[in-house]
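**Student:** predicted model, plus sequence, below.
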There are 2 protein chains.
Amino acid sequence: MAAPAELKLREQVVLKLRELILGGELPAGQRVAEIPISEKLGVSRTPVRQALTVLAQEGLLSAAGKRGYVVHAFSAKDIVDAIEVRGILEGAAARLVAEAGPSMELRKALEACIADGEAIAVQDHFGMDDDVRWVEMNGRFHKLIVEASANMALISALALNDKLPFASAEAVLGGGTPSRLIARKHHEVVLRAHAEHQKIVAALCSRQGARAESLMHEHARLAEVNVTLFRSA
Amino acid sequence: MAAPAELKLREQVVLKLRELILGGELPAGQRVAEIPISEKLGVSRTPVRQALTVLAQEGLLSAAGKRGYVVHAFSAKDIVDAIEVRGILEGAAARLVAEAGPSMELRKALEACIADGEAIAVQDHFGMDDDVRWVEMNGRFHKLIVEASANMALISALALNDKLPFASAEAVLGGGTPSRLIARKHHEVVLRAHAEHQKIVAALCSRQGARAESLMHEHARLAEVNVTLFRSA
DNA sequence: AGTCTGATTATTGGATCCAATATTGCATTA
DNA sequence: TAATGCAATATTGGATCCAATAATCAGACT
């Protein structure tokens, strides 16, 4: 393993394998055995074995008959379905937060996200680093709301969902190939997302539970543009 | 391990530990180390270690500082929250099934559940084995609808939720101590649940998505009676 | 030629071993 | 007496070893 970080080896392997799977190496259907992986990563089979069971639990691997795993094949429908589920869950989170009334601290943090978003979205030039800045802010925005729901079951369900390909909030802009055309497309998506963020915060702060829920539910569907983009590529 | 079934040892340990945790041995906060468990179950530390990571992922165990795990302490709120999430997800499943229109096969199976429920619920004497019969049928009923949603992300999210204490469909009647009073209480719950099942099937078959969703959502809340019952005991 | 069967191989799952390290307890000192 | 540092201990995490068994391949038989 390259990074001898503070993480347990098993965790590093999970991260690395997730990366390989979502990144497209290890294509869907690919058999994934312990020995090749452990050799490839330079660790023993023990942490690999544990990582495989974790990834299987997450749904990224599926059991291949009696022996071993294969990379799970996600259809376009699976991805859209996962996005729908994320919309349902984040919508529920938004409703809960709105009904309870967001704390002053939460409002501040959300407003900060909006301000950051404004700086990114409303400008003439929209480049690569704007992408990553927006993805960071967007992740922060969604995380704030989900955590504020203070519903552990909800948070866990979303954590599971985020492991699925294209379903996480960070995936609204897929990590695809950089190009002028993509950048233009991204800018459009970011502009719409930014507008929706503003409306969501407004709904949260005025304690409009149903509105916050439906706005957030619909907001999740922005991630769908990627799927078609990706599948048609 | 007692049961040398066809399951991998690790799976058996997961099952056994889940049982111990949900059953109340291994009380919340209890430190759970590898060696005592492996000795208690008569297996090596290897499958135990794997089981612990699985249970930690499920949320039944939480990391205890730098070393090892403790049994996660669920508050009454956590349980009610988990039930709410189940309501949201099963509600969504019901809506999807209603909108797509249940297949003839599904209708048949659901009607069979209703018939079984009728035989159990509508009778003068309601005993122990009626309990277990009803729990079996109820699990089948819910599983049918969830699977029929054909949304893998939804199914996975519910599978995770079912691991949480009191949140699964099977837990509507807690596995508590048998008594005449409890039996009476159970009969009441079963009668209400049976009536709701009938309405849910009606909504599904007439493709009333919103109605099916809200009925199912509310139906999940039946499980809440247990929480208060349990917590006050 | 196709298929069934037996032997070989590859791979998994569990047990054991070893090193790293967190934790605990005790003793010494301020 | 309380705090701090050191040593002993316990426990974890990873590596390796071994047995069980599924997959594969070759050869023989129909």
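**Tutor:** Done, it's in.

**Student:** and stretch A:198-217, how far out from the chain middle?
**Tutor:** Centre-to-centre, stretch A:198-217 and its host chain are 21 Å apart (C-alpha atoms, centre = their mean, to the nearest Å).

**Student:** buried set for it?
**Tutor:** Under the neighbour-count criterion of 16 or more other C-beta atoms under 10 Å in any protein chain shown, stretch A:198-217 has A:200-201, A:203-205, A:208-209, A:211-217 buried. Any C-beta I mention is one placed from the backbone N, CA and C, and that applies to glycine too.

**Student:** for the residue located most distally from the centre of chain A, phi and psi?
**Tutor:** Here chain A reaches farthest from its C-alpha mean at residue A:66, the gap being 31.6 Å by C-alpha atoms, centre = their mean. Torsion angles at residue A:66 (phi, psi; degrees, to the nearest 10) stand at phi -90, psi -20.

**Student:** same question for the one 3 residues further on.
**Tutor:** With angles defined as degrees, to the nearest 10, residue A:69 shows backbone torsions of phi -130, psi 160.

**Student:** ditto for the one 3 residues further on
**Tutor:** In this entry, residue A:72 is assigned phi and psi values of phi -70, psi 140 (degrees, to the nearest 10).

**Student:** wait, isn't it in contact with residue A:60?
**Tutor:** Yes. Using C-beta atoms under 8 Å, residue A:72 is in contact with residue A:60, at 5.7 Å.

**Student:** ok, these two, which is more surrounded?
**Tutor:** Taking neighbours as other C-beta atoms under 10 Å in any protein chain shown, residue A:72 and residue A:60 compare with residue A:60 leading, 23 against 20.

**Student:** how close does the more buried one sit to DNA strand C?
**Tutor:** To DNA strand C, residue A:60 is 16 Å away according to C-beta to the nearest atom of the strand, to the nearest Å.

**Student:** for residue A:194, same thing?
**Tutor:** As judged by C-beta to the nearest atom of the strand, residue A:194 and DNA strand C stand 44 Å apart.

**Student:** which residue, other than its chain neighbours, is closest to that residue?
**Tutor:** Sequence neighbours aside, residue A:121 is the residue nearest to residue A:194 in space, at 4.1 Å (criterion: C-beta to C-beta, 6 or more residues apart in numbering or on different chains).

**Student:** mind listing the helices for chain A?
**Tutor:** Ranges of helices within chain A are A:9-23, A:34-41, A:45-58, A:76-100, A:104-121, A:128-148, A:152-162, A:180-205, A:209-220, A:224-232, based on DSSP state H.

**Student:** what residue spans form the domains of chain A?
**Tutor:** A:9-71, A:76-232 (automatic domain parsing).

**Student:** ok, residue A:204 - contacts?
**Tutor:** Counting by C-beta atoms under 8 Å, 6 or more residues apart in numbering or on different chains, residue A:204 makes contact with A:94, A:97, A:98, A:102, A:110, A:145, A:212.

**Student:** just residue A:117 next, same as before
**Tutor:** Neighbour list for residue A:117: A:134, A:137, A:138, A:141, A:190, A:193, A:194, A:197 [criterion: C-beta under 8 Å, 6+ apart].

**Student:** residue contacts, the closest residue to it other than its chain neighbours?
**Tutor:** Nearest residue to residue A:117 in three dimensions, chain neighbours excluded: residue A:194, at 4.5 Å (C-beta to C-beta, 6+ apart). By C-beta under 8 Å, 6+ apart, residue A:194 lies in contact with A:114, A:117, A:118, A:120, A:121, A:122.

**Student:** now do the second one, the pLDDT please.
**Tutor:** This means residue A:117. Each residue has a pLDDT score; the one for residue A:117 is 93.
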